[in-house]
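K.L.:
With the input below, show me the fold.
(chains A and B)
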2 protein chains.
Amino acid sequence: MLGQMMDDPLTITSIMEFADRVFRDTEIVSVTADNPRHRYTFGAAFARARRLANVLDGLGLARGDRIATLAWNDYRHFELYYGISGAGYVCHTINPRLFPEQIAYIANHAEDQWIFTDVAFVPLLEKLQDALKTVKGIVVLTSQATMPATTLKNVHCYEALIADQPDRYDWPLLNENSACSLCYTSGTTGHPKGVLYSHRSTVLHCLATSMRDVIGLAAGDTVMPVVPMFHVNAWGVVYSAAAAGARLVFPGPKMGDGETLARLINEEAVDLALGVPTVWLALVNHLRASGGAVPSLKRVVIGGAACPEALLRGLDQFGVYAHIGWGMTEMSPLGTLNTLMPWMEELPDAEKTAYRLKAGRLIYGVQMRIVDASGAELPWDGKHSGQLQVRGPWICKSYYRLDNSDAHLPDGWFDTGDVAAIDPHGYMQITDRTKDVIKSGGEWISSIEVENAAMGHPDVLEAAVIGVPHPKWTERPLLVVVKRPGTEPTKEAILAFLKGKIATWWIPEDCVFVEFIPHTATGKVSKKDLRDQFRDYSYG
Amino acid sequence: MLGQMMDDPLTITSIMEFADRVFRDTEIVSVTADNPRHRYTFGAAFARARRLANVLDGLGLARGDRIATLAWNDYRHFELYYGISGAGYVCHTINPRLFPEQIAYIANHAEDQWIFTDVAFVPLLEKLQDALKTVKGIVVLTSQATMPATTLKNVHCYEALIADQPDRYDWPLLNENSACSLCYTSGTTGHPKGVLYSHRSTVLHCLATSMRDVIGLAAGDTVMPVVPMFHVNAWGVVYSAAAAGARLVFPGPKMGDGETLARLINEEAVDLALGVPTVWLALVNHLRASGGAVPSLKRVVIGGAACPEALLRGLDQFGVYAHIGWGMTEMSPLGTLNTLMPWMEELPDAEKTAYRLKAGRLIYGVQMRIVDASGAELPWDGKHSGQLQVRGPWICKSYYRLDNSDAHLPDGWFDTGDVAAIDPHGYMQITDRTKDVIKSGGEWISSIEVENAAMGHPDVLEAAVIGVPHPKWTERPLLVVVKRPGTEPTKEAILAFLKGKIATWWIPEDCVFVEFIPHTATGKVSKKDLRDQFRDYSYG
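P.N.:
Numbering: from 1, shown residues only, chains lettered A, B, ... in the order given. Now for the predicted structure:
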């Protein structure tokens, strides 16, 4: 027997129309390339999104067509999110930091029809335009006065286009399962893979992450997504801020600079910000060097990479509570967020910090399991590590135009590629990537834990651990270190430093110093490149 | 084009399984008829819900069959909520305060197959059992030792039944649109009408009310639903507490007594409680009389009836912030909740209080509109009042086994029967019930506003206003007053008191004193009975 409740669809449009009525006067502040501080309201933003929808409807597109963005976090990108998805098209956010050939591959694979781009990426598109097979035109996100001279074909000015259109638009009533946005994840091997979000998955992710113990935005908050809008919809904040009526501050193109961030936080009284560890490291370093402070900033959400303990403690010193989170492009992205249970708050400092450094507590809506190599489920005892698998209504079922992937299991679960332990309270800790784990004598060594221990040495700027062939143990760990400038540690000193911090048999056989460690376009250590670099290294 | 996200259904089972993994050790405290303080955990509760599901599967029921409860707020009722809905049956919560003939009507209309009842309602069921046409048996929610002697046929003991079953049970994978629970709303005219909730509507209501500015439960909270579990699922807290991992305190049968509530709040360190104004009035009166305090209690959510300003201020004095909310059985129930915008917090006290006394801000997921008699939409200016209509995924589309209702409009909206004004920030204020509004000279007089003004007089214990026929103005208001014991106000003094508080032409022509004002089974003033009582009164 079915219930007798209304079947109103869960759509991004419903978030927009709600915020447009209830939070019309709430402010959106942006730094853009052409304006150091642009201010308007949700009401003005959605009026411009309606103008944009009229523009899109005039381009001869079919519903579901992909429209790409190459843009930093600002108000025009916000309008694209709502205007494109609301009008029934798919907003495809492209990471401009990818290699040009990857961008071309992605745009062609997605069959993007139009690209909306910041001025800064016009030179990139000029080089790429012959490789873009499906793109019919380019819209530059600026005003007529600041349109660049360009060799791009069929190029238009965003402000001129929308100025010509009425701000009335009847948003179509969409199927909640229809696609709203697309984001490619660039693995370390193979082509980038597309995750095609639905209106339903986006709304559900928005609601679940709005729970008080998760991101929990409210109308009294001023939130700054430093995580780029091309990284999984800025972790959903573009939607959850509108649903909650939180004031939004978009930092624009200069997001990695501590001084710029600190100034923006202080001038706009930001109280919650979200971003990768590197960003918060830059902020803490700047505050220390300058003697500055960020009194308004109460909380940051940290994700995208492991957060070192030193960063957590550094933020603590400035009165900023860091919540570590974990997710993936395939997960919309959030799966866990670190908020302590009341009894954990009472623990001695070291134990409490150990909890705070985990990837966080499972959030409602996501199911997790850890399995061993045979696929058997492992207990949530905080000790057993296994392959981390997930499922839920905001987790991708299959990649866009890719029929089979190793990650999608026959029983419908998704293999994250992470190795993790989960404790009895649902707190998860990533111990490695499945492909980076070091198999030594039939046991697993977590490369991440060895790296974290090595990073605790004062002379180590960055550390990475890979497995290299070993005649007796199959593999043994090799520690690769970038020295902190001005220091000259010995390999013996660093290896000795690890004693007592990790299991003795986890201590690497050797430590080598390098000038730099290779990173992926999204800022993570590229173990694949590192393994290539040390292909000839052997403990044989 | 459809998105490519997993299609995991939104079910109550998913809330249960999540809480069972992550919040297994979180406590549920209950007062019951047979135990002044029962304690166990979510883990133990769900293990017993699995035993219950095994019992239910043994009763020869079909999926979707209705199983009724007649019970106060305690842990066994909690187990019924999850066990019945999770196993694919429909949990039909019956209000034991209804007239016996209404209970029989409801049970027959719902075709309830079994009734699970508190010991206290066994005598009631004994009288009703011959009138119950579909009920196959009764389960008494107690242990073998406290089973009452009874003339009920096919009667069983809850604890004995579940003790015989294993605590393993594979919850079925349910369609999210399948029915999970049923609640009848007793209007003032006609038969009670059933609202048949779906798993989907219940989960979405849970998520939306879990947003920080709505009820916003968290794992650090201890929440006490004083609103009965037979009143729209205790406003959803039975689900949202599990999803958030909030510690639950169930007050059992003695919920309207200020002393009992204060003791329970203090002994269990309750920080959030939910209930109707009468309950909080009893609490404030007790605290004042006893010189007591409730230091742990930070917030209460007040709904179900209008909240007088004196109660808001009374709670303020004890450090308890009152959030007024509004909803209906047909709305799962929540539609608005009063949380102020940051700028409202800065207003002068009188203006701030005026905002706090509104029914609250629209919550995401619900759409509202106000219309005039012709159905034309009225502006959200805080001035225009009109018929309040709503829609959204947790609002009922039609009543159970009732094909047509006046409330369900041709365009799919639901008419609440309330008259309201909405301000530009989405804050709604009920000004009347459509059928109680007084039509005077072609204009509307809000009976509620006149009542609230009269209630401000120190000698008025309770006041109600109805329209009575008038030869010139069609209708004019009549004020009906119950005097505060020990006072002897004159009608002239009370009417004079209203001057300057409401529009002059809203001041009633007359005031009459009565011993008591009639109330409905849910505690609201019965204007219908009052109009019957004054049928012969006329201003002619």
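K.L.:
Please name the strands paired to the helix or strand containing residue A:464 in the sheet, noting orientation.
P.N.:
Using DSSP states H and E, residue A:464 sits within strand A:460-470. As defined by DSSP bridges, the strand partners of strand A:460-470 come to strand A:474-483 (antiparallel).
K.L.:
Could I get the average pLDDT for the partner strand?
P.N.:
Mean per-residue pLDDT for strand A:474-483: 94.
K.L.:
and it, how far out from the chain's middle?
P.N.:
The chain centroid and the centroid of strand A:474-483 are separated by 27 Å, computed with C-alpha atoms, centre = their mean, to the nearest Å.
K.L.:
again with stretch A:144-158
P.N.:
With C-alpha atoms, centre = their mean as the basis, the mean position of stretch A:144-158 lies at 30 Å from the chain mean.
K.L.:
for stretch A:391-405, same thing?
P.N.:
18 Å.
K.L.:
does chain B sit close to that stretch?
P.N.:
Yes - Stretch A:391-405 comes into contact with chain B (C-beta under 8 Å from any C-beta of the partner chain), by way of A:391, A:392, A:393, A:394, A:395, A:396, A:397, A:398, A:399, A:400. For glycine as for every other residue, the C-beta is placed from the backbone atoms N, C-alpha and C.
K.L.:
Name the residues that touch that stretch?
P.N.:
Stretch A:391-405 has contacts (C-beta atoms under 8 Å, 6 or more residues apart in numbering or on different chains) with A:109-110, A:182, A:193-197, A:200-202, A:204-205, A:208, A:330-332, A:365-367, A:408, A:412-414, B:4-8, B:10.
K.L.:
Next step: these restricted to helices.
P.N.:
Residues of the contacts of stretch A:391-405 located in helices (DSSP state H): A:109, A:110, A:200, A:201, A:202, A:204, A:205, A:208.
K.L.:
Chain B versus the fifth one, what's the distance?
P.N.:
What it means is residue A:202. 9 Å (C-beta to the nearest C-beta, to the nearest Å).
K.L.:
Quick check: the residue of the stretch 351-500 of chain A nearest chain B.
P.N.:
Residue nearest to chain B within the stretch 351-500 of chain A: residue A:426 (3.5 Å; C-beta to the nearest C-beta).
K.L.:
Skip the chain neighbours and tell me the closest residue to whatever residue of the stretch 101-250 of chain A ends up closest to chain B.
P.N.:
Here the stretch 101-250 of chain A gets closest to chain B at one residue, residue A:198, 2.7 Å apart by C-beta to the nearest C-beta. Of all residues not flanking residue A:198 in the chain, residue B:3 sits nearest, at 2.7 Å (C-beta to C-beta, 6 or more residues apart in numbering or on different chains).
K.L.:
which of the residues in stretch A:169-178 are buried?
P.N.:
Judged by neighbour count (16 or more other C-beta atoms under 10 Å in any protein chain shown), stretch A:169-178 contains these buried residues: A:169, A:171, A:174, A:175, A:176, A:177, A:178.
K.L.:
gap between the two ends of that stretch?
P.N.:
20 Å (C-alpha to C-alpha, to the nearest Å).
K.L.:
chain center to it, what's the gap?
P.N.:
Using C-alpha atoms, centre = their mean, the offset of stretch A:169-178 from its chain centre is 27 Å.
K.L.:
next helix or strand past the helix or strand of chain A with the lowest mean pLDDT?
P.N.:
Least confident element among the helices and strands of chain A, by mean pLDDT, DSSP states H and E: strand A:443-445 (a mean of 84). Next helix or strand after strand A:443-445 toward the C-terminus (DSSP H and E): helix A:447-455.
K.L.:
can you list contacts of that next one?
P.N.:
So helix A:447-455 is contacted by A:306, A:308-310, A:430-433, A:436-438, A:460, A:462-467, A:477, A:479, A:481, A:494, A:497-498, A:501-502, A:506-508, A:527 (C-beta under 8 Å, 6+ apart).
K.L.:
Try it again at 6 Å.
P.N.:
Helix A:447-455 is contacted from outside by A:308, A:432, A:436, A:438, A:460, A:463-465, A:477, A:479, A:498, A:501-502, A:506, using C-beta atoms under 6 Å, 6 or more residues apart in numbering or on different chains.
K.L.:
Any buried residues in stretch A:510-529, and which?
P.N.:
Result for stretch A:510-529 [16+ other C-beta under 10 Å]: buried residues A:511, A:517, A:519, A:520, A:522, A:525, A:526, A:527, A:528.
K.L.:
which one of those residues sits closest to chain B?
P.N.:
Using C-beta to the nearest C-beta, the buried residues of stretch A:510-529 come closest to chain B at residue A:522, 21.4 Å.
K.L.:
List the pairing partners of the least confident helix or strand of chain A within its sheet, with orientation.
P.N.:
Note on strand A:443-445: by DSSP bridges, its sheet partners are strand A:438-440 (antiparallel).
K.L.:
If we go by neighbour counts, what in the partner strand is buried?
P.N.:
Those would be A:438, A:440, for strand A:438-440 by 16+ other C-beta under 10 Å.
K.L.:
follow-up on the earlier one: filter the buried residues of stretch A:169-178 by proximity to chain B?
P.N.:
Contacts with chain B within these, counted by C-beta under 6 Å from any C-beta of the partner chain: A:177, A:178.
K.L.:
Include pLDDT, distance to residue A:273 and secondary structure when you put the buried residues of stretch A:169-178 into JSON lines, please.
P.N.:
What follows is the buried residues of stretch A:169-178, written out as JSON lines (pLDDT from 0 to 100; distance: C-beta to C-beta, whole Å; DSSP: H, G, I helix; E, B strand; the rest coil):
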{"residue": "A:169", "pLDDT": "98", "distance to residue A:273": "32", "secondary structure": "coil"}
{"residue": "A:171", "pLDDT": "98", "distance to residue A:273": "31", "secondary structure": "coil"}
{"residue": "A:174", "pLDDT": "98", "distance to residue A:273": "32", "secondary structure": "coil"}
{"residue": "A:175", "pLDDT": "98", "distance to residue A:273": "35", "secondary structure": "coil"}
{"residue": "A:176", "pLDDT": "98", "distance to residue A:273": "31", "secondary structure": "coil"}
{"residue": "A:177", "pLDDT": "98", "distance to residue A:273": "33", "secondary structure": "coil"}
{"residue": "A:178", "pLDDT": "98", "distance to residue A:273": "32", "secondary structure": "strand"}
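K.L.:
Can you redo the buried residues of stretch A:169-178 as TSV, where the extra columns are distance to residue A:221?
P.N.:
Formatted as TSV, the buried residues of stretch A:169-178 follow (distance: C-beta to C-beta, whole Å):
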residue	distance to residue A:221
A:169	29
A:171	26
A:174	28
A:175	32
A:176	27
A:177	31
A:178	30
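K.L.:
Could you work out the most separated pair of the buried residues of stretch A:169-178?
P.N.:
A:169 and A:177 (22.7 Å; C-beta to C-beta).
K.L.:
Apart from its chain neighbours, what residue comes closest to residue A:265?
P.N.:
Nearest residue to residue A:265, sequence neighbours excluded (C-beta to C-beta, 6+ apart): residue A:294, at 4.8 Å.
K.L.:
any idea how far the residue of the stretch 101-250 of chain A closest to chain B lies from residue B:207?
P.N.:
To residue B:207, residue A:198 is 16 Å away according to C-beta to C-beta, to the nearest Å.
K.L.:
Same question for residue A:45.
P.N.:
25 Å.
K.L.:
need the residues of chain A near chain B, please.
P.N.:
Proximity of chain A to chain B, by C-beta under 6 Å from any C-beta, involves residues A:1-6, A:8, A:18, A:21-22, A:64, A:177-179, A:196-198, A:201, A:207, A:210-213, A:216, A:218-220, A:243, A:341-342, A:362, A:364, A:391-393, A:395-398, A:426.
K.L.:
Can you turn the buried part of those into a PyMOL selection?
P.N.:
Remark: buried members of the residues of chain A next to chain B, expressed as a PyMOL selection using 16+ other C-beta under 10 Å:
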select buried, chain A and resi 1+3+4+5+6+8+18+21+22+177+178+179+196+197+198+201+207+210+211+212+213+216+218+219+220+243+341+362+364+391+392+393+395+396+397+398+426
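K.L.:
from the residues of chain A next to chain B, which ones fall inside strands?
P.N.:
A:179, A:196, A:197, A:198, A:362, A:391 (DSSP state E).
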